[in-house]
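Trainee: Structure for the following, please:
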Amino acid sequence: MTNRVGLMVGREWSFPPAFIDELNRRDAGVVAEYVRIGAVAMDQPCPWTVIVDRISHEVPFYRSYLKQCVLQGVAVVNNPFMWTADDKFFGAALITKLGVASPKTFALPNKDYIKGIDRAESLKNLELVDWEGLVRDLGMPCILKDAHGGGWRDVYVCHSLDELISNYDQSGLLNMVAQEFIHFEQFVRCMCLGQEEILVMPYDPKRRAYTVDDDYLTADLHARVVRDARTIVRALGYDMNSIEFAIRDGVPYAIDFMNPAPDMDIYSLKPAYFEWVLNGMVDLTIRLARSRRRQVKQIGWADLFAGSRRK
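Mentor: The predicted model follows:
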């Protein structure tokens with residue numbers, strides 16, 4: 001029996017065709033193709049055993065369809081239920097609870113609200129933000145960013161209270177978080193596949209460029225970064241993710257770790273890293289197709305929380 005793998009993509013140009021060609025070349029009883037869908041019925045069978053999703057974070061219709069596929073037993077990378085539930089404030093709280101270092105993070109009330117929200121009548125539980133107290137706690141500079149954003153969109157490095165408030169005042173309906181700025185000595189981005197395989201890559205966030213240096217971290221620091229990355233992806237249930245660590249005084253702080261469609265472009269990754277990612281994604285997809293993992297049984301953050309009633 002041949003298992004069909006569906007790929008959902010956006011504007012990517014290098015990874016999608018390379019992934020499909022390599023998976024089909026393996027002749028492993030698994031055939032890859034692009035997903036094609038129009039209007040979808042609620043009980044419409046999904047023809048794919050595995051779907052690799054690279055775009056539903058920007059196309060809500062795709063995410064709705066992928067949730068329906070998960071209910072049918074399809075393995076979706078990444079699980080759309082988990083992606084829908086996460087945000088940067090919850091993520092910071094979660095990894096701190098799990099023992100991974102995180103910058104201090106505060107959730108902020110929205111600047112603006114949808115039509116129908118009356119500030120006097122609808123927001124009776126809301127207090128004014130103590131901006132001066134927030135700055136004392138975070139220090140300067142600090143980071144202001146969208147709790148649900150990605151790709152460096154709506155991220156601001158604020159060097160004063162006035163600059164923080166000014167950027168916040170432009171945030172509109174976005175749910176923003178304020179975060180401690182980590183003055184780092186080293187910086188790495190990890191590609192994480194299958195909640196187990198971790199590739200640690202030196203990364204320059206200013207130039208947004210990778211370098212290839214196998215000796216960039218000491219053996220002990222490399223081991224800690226890998227361990228912390230695995231802790232994060234296992235908690236989130238992500239099979240495909242990238243995690244950024246800013247390293248200060250020998251401590252890796254996870255500053256960005258919810259990337260359901262991490263950058264897999266050959267131009268930015270460079271050929272050596274691209275080949276690792278490509279082969280790792282193909283290996284992962286073949287394993288999932290053969291194992292027929294049911295994700296509906298894996299949606300359970302409750303075990304992580306002390307207040308859970310689950311035994």
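Trainee: When you work out contacts or count neighbours from here on, use the C-alpha atoms and nothing else.
Mentor: OK.
Trainee: need the contact list for Asp53.
Mentor: 7-9, 76-78, 261 (C-alpha atoms under 8 Å, 6 or more residues apart in numbering).
Trainee: One more pass at 6 Å, please.
Mentor: Contacts for Asp53 (C-alpha atoms under 6 Å, 6 or more residues apart in numbering) come out as 8, 77.
Trainee: next one: Ala289
Mentor: Each residue near Ala289 by C-alpha under 6 Å, 6+ apart is listed here: 49-50.
Trainee: Can you tell me how far it is from Thr2?
Mentor: Between Ala289 and Thr2 the computed distance is 9 Å (C-alpha to C-alpha, to the nearest Å).
Trainee: Name the surrounding residues that touch stretch 192-205.
Mentor: Counting by C-alpha under 6 Å, 6+ apart, 187-191, 209-211, 233-234, 239-242 sit against stretch 192-205.
Trainee: contacts for the helix or strand of the chain with the lowest mean pLDDT?
Mentor: One helix or strand of the chain scores below all others by mean pLDDT, DSSP states H and E: helix 80-85, with a mean of 78. Contact with helix 80-85 is made by Lys67, as judged by C-alpha under 6 Å, 6+ apart.
Trainee: for the chain, which helix is longest?
Mentor: Using DSSP state H, we find that the single longest helix of the chain is helix 271-291.
Trainee: That one - what's its average pLDDT?
Mentor: Helix 271-291 shows a mean pLDDT of 96.
Trainee: Render the CA-only coordinates of it in PDB, please.
Mentor: C-alpha atoms of helix 271-291 as PDB (Å, rounded to 0.1, in the frame of the first residue of the first chain):
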ATOM      1  CA  PRO A 271      23.800  24.200   1.400                       C
ATOM      2  CA  ALA A 272      25.200  22.200   4.300                       C
ATOM      3  CA  TYR A 273      22.400  23.100   6.700                       C
ATOM      4  CA  PHE A 274      19.800  22.800   3.900                       C
ATOM      5  CA  GLU A 275      20.800  19.200   3.100                       C
ATOM      6  CA  TRP A 276      20.500  18.300   6.800                       C
ATOM      7  CA  VAL A 277      17.000  19.800   7.000                       C
ATOM      8  CA  LEU A 278      15.800  18.300   3.700                       C
ATOM      9  CA  ASN A 279      16.900  14.800   4.600                       C
ATOM     10  CA  GLY A 280      15.700  15.100   8.100                       C
ATOM     11  CA  MET A 281      12.200  16.200   6.900                       C
ATOM     12  CA  VAL A 282      12.000  13.400   4.400                       C
ATOM     13  CA  ASP A 283      13.100  10.800   7.100                       C
ATOM     14  CA  LEU A 284      10.500  12.200   9.500                       C
ATOM     15  CA  THR A 285       7.700  12.200   7.000                       C
ATOM     16  CA  ILE A 286       8.400   8.600   6.000                       C
ATOM     17  CA  ARG A 287       8.400   7.500   9.600                       C
ATOM     18  CA  LEU A 288       5.100   9.300  10.300                       C
ATOM     19  CA  ALA A 289       3.500   7.800   7.200                       C
ATOM     20  CA  ARG A 290       4.500   4.300   8.200                       C
ATOM     21  CA  SER A 291       3.600   4.600  11.900                       C
END
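Trainee: Thanks a lot, catch you later.
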